[in-house]
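*Asks:* Could you look at this predicted model? Sequence included:
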Amino acid sequence: ELLARAQVCLRRSENARRPLSPDIFLSNLIRLDYSTRQVWIRGNPVDLTPIEYNLLVFMSRQGKQIMPYEQLLDSVWEGPEKGTRQGLFVHVKRLREKIEVDPKNPQIINNKWGVGYVFNP
């Protein structure tokens, strides 16, 4: 019975990070409605800039894999002008200020120094 309970807990944990539908991402901390572009953090609505929103959506769709800086720059910035690494760092900092409990010690968007970021919702 203990093994069965552990398996149920693991299954629930895995399901908590899966999208409810193709239009919604839900974790214990974050809810993203892709169709309406609405974001909730810990149950509270959050206003994001278009770049911050695009970063969060892209990260939510990649799971816990490392996202190299260049991949983020190529995927998130729209139009003919590509963003810069410094611009990416600034946008991630501002996004962390809106979604992290302690932006100086981030738990949701973690940096892999010199490589990119990992998303842990």
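*Replies:* Perfect, thanks for sending it. Numbers count the residues shown, from 1 in each chain.
*Asks:* Could you pull out the strands in this structure for me?
*Replies:* 24-26, 30-33, 38-41, 44-46, 67-68, 109-112, 116-119 (DSSP state E).
*Asks:* Now tell me which of those the model trusts least on average.
*Replies:* Sorting these by mean pLDDT places strand 24-26 lowest, at a mean of 83.
*Asks:* still on that earlier bit, as TSV, the strands of the chain with distance to residue 82 and mean neighbour count would be great.
*Replies:* Every residue, glycine included, has its C-beta placed from N, CA and C. As requested, the strands of the chain are exported to TSV (distance: least, C-beta to C-beta, whole Å; neighbours: other C-beta atoms under 10 Å):
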stretch	distance to residue 82	mean neighbour count
strand 24-26	25	18
strand 30-33	24	20
strand 38-41	24	18
strand 44-46	26	11
strand 67-68	14	18
strand 109-112	20	15
strand 116-119	16	19
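*Asks:* wait, which of these is closest to residue 74?
*Replies:* strand 67-68 (9.4 Å; C-beta to C-beta).
*Asks:* Fine by me, we can end here.
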